[in-house]
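# Quick one, what's the 3D model for this:
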Amino acid sequence: MLRTLPQTRDFSLAYRLAAVVAFTFLTAISARITIPVEPVPITLQVLIVVLSGLVLGARDGALSQLFYIGLIALNLPVDARMVGAAAFFSPTAGYLLGFVPAAFVTGWLIERSNRRAVQRWLAAVVGILVIYAFGYTLLKLNTGLAWDAAWTAGVAPFIALDLGKALIAAAVAESGRAFFLRNS
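Coordinates of the predicted model:
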């Protein structure tokens, strides 16, 4: 039965922080795997964001993404375009800001389910919808695109890929948990 780290055992604060930092690092690394598409590049970050919620749970998954956003706010070039804090004033701002609530919602949903593979996938899909809600809205506001043009540029090209990423996250979540539990 899949459970998130904080509820499985009494993990030490240091151990939980190490897991959070690991997912922060994975999110930064996944930003480097990029297909440059305008105005929003295709990356593997969505996979890691929902996986952080599935593996770490709502609080720690969201915290890992908050740390990632914090690194960008500190002007470190860990975003997909390597522009640091300028990413918050670009078409990708909403997607980045959506990472925190997406990881939280994904983790929250999986903590309240019986953790079957289909439920992990559905939780990941809902997390992706949260990213889309933030990304789509801020893409429209930051670029001045019409709503339909923002949909065409910032959501439609990603749907099939992101459903596949949700499937991968759901499939490897238990392995990720086993890795963290084995190394605790």
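# Specify the next element, helix or strand, located C-terminal of the helix or strand where residue 94 lies.
Following DSSP states H and E, one finds residue 94 within helix 93-111. Downstream of helix 93-111, the next assigned helix or strand under DSSP H and E is helix 117-143.
# which parts of that next one are buried?
Neighbour-count burial for helix 117-143 flags 119-128, 130-132, 134-140, 142 (criterion: 16 or more other C-beta atoms under 10 Å). Where you see a C-beta, it was placed from the backbone N, CA and C, and this is true even at glycine.
# Now do that helix: which elements does it pack against?
Judged by 3 or more C-beta pairs under 8 Å, 6 or more residues apart in numbering; DSSP states H and E, helix 117-143 is in contact with helix 45-56, helix 93-111, helix 147-154, helix 159-182.
# Out of these, which gets nearest to residue 66?
Nearest of those to residue 66, taken as C-beta to C-beta: helix 93-111 at 5.2 Å.
# now the closest one: mean pLDDT?
Computed over helix 93-111, the mean pLDDT rounds to 96.
# next one: stretch 54-73
95.
# same thing with stretch 23-42?
What stretch 23-42 shows for mean pLDDT is 91.
# Figure out how far the helix holding residue 94 is from the centre of its chain.
Chain-centre distance of helix 93-111: 6 Å, with C-alpha atoms, centre = their mean, to the nearest Å.
# same deal with stretch 107-119?
16 Å.
# Return the set of buried residues in that stretch.
107-111, 115, 119.
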